[in-house]
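> Fold the following for me, if possible:
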Amino acid sequence: MSDTVEFELVSPERLVKSQAVGMVVIPCAEGDIGVLPGHTPLIGTVRPGVVDIHDDNKVTESIFVSGGFVEVTPDRCTLLAEEAILVSDLKADEAQSRLDAAMTALAKADSDSEKHNLEAEIKIAEGMLAALGTGSAH
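From the prediction side, this is the model:
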C-alpha cells in the first residue's frame, strides 16, 4: 500500500489541486474527517470550512471551501467544492462585507428558498471569518 493518497479538489471554475498527499482533513457535515491511504470508501457532504493538506506530519496548505461533496476510496480523495480559496488569499473585510450583505438581505427575504440560500451564504461568510480567526461583529 502506498504512503500517500491522491487528492483532487475541483471547483466549477477549475481543478484547484491534484497531488499525492500524506493526509487530508475535510470539513464534513458530520464532523472533520482525516483521509489517509487505505481509508474506507465513503461519500459525504462538505460544510464551509478549511481543508488541511498534510505532508511529513505537518499542514502544508490550507484551503477554504464553501461546501460541496467528497468521495473517498482507499487510494483517492476527490472533493467537489462550490468555491475554493487559499486561506492566505481570504480577506477579513471582504468576508465581513459578504456576511453583512447576506444578513441584510435575509431580513428582507420573502420566500423560503431565498431565506435558505441566504442562510447558506451566511454560513459561508462565517466560515471564512472563522478560517481567518476573526469572529463576526454580529
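> quick one: average pLDDT of the lengthiest helix in the chain?
Longest helix in the chain, counting residues (DSSP state H): helix 112-132. Taken as a whole, helix 112-132 carries a mean pLDDT of 92.
> how about it: buried residues?
Neighbour counts over helix 112-132 (16 or more other Cβ atoms under 10 Å) mark 118, 121-132 as buried. No exception for glycine: its C-beta is placed from N, CA and C like everyone else's.
> per-residue pLDDT, Asp3?
90.
> now swap in Val65 and tell me
97.
> Now do the domain split for the protein, please.
5-87, 91-132 (automatic domain parsing).
> burial count for the residue nearest to Ile122 when sequence neighbours are not counted?
Distance criterion Cβ to Cβ, 6 or more residues apart in numbering; nearest residue to Ile122, sequence neighbours excluded, is Ala102 at 4.7 Å. The tally of other residues near Ala102 (other Cβ atoms under 10 Å) stands at 21.
> all helices for this protein, in order.
Counting by DSSP H, the helices of the chain are 92-108, 112-132.
> For Leu79, find the nearest of the ones you listed.
helix 112-132 (15.0 Å; Cβ to Cβ).
> so what's the spatially most central residue of the chain up against?
By Cα atoms, centre = their mean, the mean C-alpha position of the chain lies nearest to Val65, the distance being 2.4 Å. By Cβ atoms under 8 Å, 6 or more residues apart in numbering, the contact list for Val65 reads 9, 27, 46, 48-51, 79, 81-84.
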